[in-house]
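Student: Need the 3D shape of this:
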Amino acid sequence: QVQLVESGGGLVQAGGSLRLSCVASGRDFSAYSMAWFRQAPGKEREFVCSFLWSRGPAYYADGSMEGRFTISRDNTKNTVFLQMSSLKPEDTAVYYCAAVPRPTRPIRVVDYEFWGQGTQVTVSQ
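Tutor: Residues are numbered from 1 along each chain as shown. Next up, the predicted model:
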């Protein structure tokens, strides 16, 4: 059974940084695509970034997050990280880790099979 557990969210001032973690368990994730999504109050869940667990570069959403967010992983700990810097109040959202057993780095919510419970990030002025 796949489990994804996020942590690292919290309250931070604008301009600050946070690093989110997602611990994955229950499978060999080498053939999986992993991703981060976020959902702000009253808005749809949106794609942040995705990558293949085993290889290759990450793919990031265009726009306001570009250049400020970086995804990485620690294979020894089965953990995916999202490093966020220069945070803005509009980055306030619940951030979710997602996984799917396909090596295609999809960007749509419907393409992901497994989800974590989310971690709240709040950026104050």
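
Student: Give the bridge partners for the residue nearest the centre of the chain, please.
Tutor: By Cα atoms, centre = their mean, the mean C-alpha position of the chain lies nearest to Trp36, the distance being 2.2 Å. Legend: beta-bridge partners of Trp36 under DSSP bridges are Cys49, Cys97.

Student: again with Ser7
Tutor: According to DSSP bridges, beta-bridge pairing links Ser7 with Ser21.

Student: these two touch, right, it and Gly118?
Tutor: No - the criterion here is Cβ atoms under 8 Å, and Ser7 misses it with Gly118 at 10.5 Å. To be clear about C-beta, it is placed using only N, CA and C from the backbone, and glycine gets the same treatment.

Student: if you count what's nearby, which of these two comes out ahead?
Tutor: A count of neighbours by other Cβ atoms under 10 Å puts Gly118 above the other of Ser7 and Gly118, at 18 against 14.

Student: which residues does the residue nearest to that one when sequence neighbours are not counted contact?
Tutor: Spatially, and ignoring its direct neighbours in sequence, Gly118 is nearest to Val94 (4.1 Å; Cβ to Cβ, 6 or more residues apart in numbering). Residues near Val94 by Cβ atoms under 8 Å, 6 or more residues apart in numbering: 9, 38-39, 118-121.

Student: What residues sit buried inside stretch 71-91?
Tutor: For stretch 71-91, burial by neighbour count (16 or more other Cβ atoms under 10 Å) applies to 71, 73, 78-82, 84, 87, 91.

Student: want to throw those residues into a markdown table with pLDDT and secondary structure?
Tutor: Output for these, formatted as a markdown table (pLDDT from 0 to 100; DSSP: H, G, I helix; E, B strand; the rest coil):
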| residue | pLDDT | secondary structure |
| --- | --- | --- |
| Ile71 | 90 | strand |
| Arg73 | 90 | strand |
| Asn78 | 92 | coil |
| Thr79 | 95 | strand |
| Val80 | 94 | strand |
| Phe81 | 95 | strand |
| Leu82 | 96 | strand |
| Met84 | 97 | strand |
| Leu87 | 97 | coil |
| Asp91 | 96 | helix |
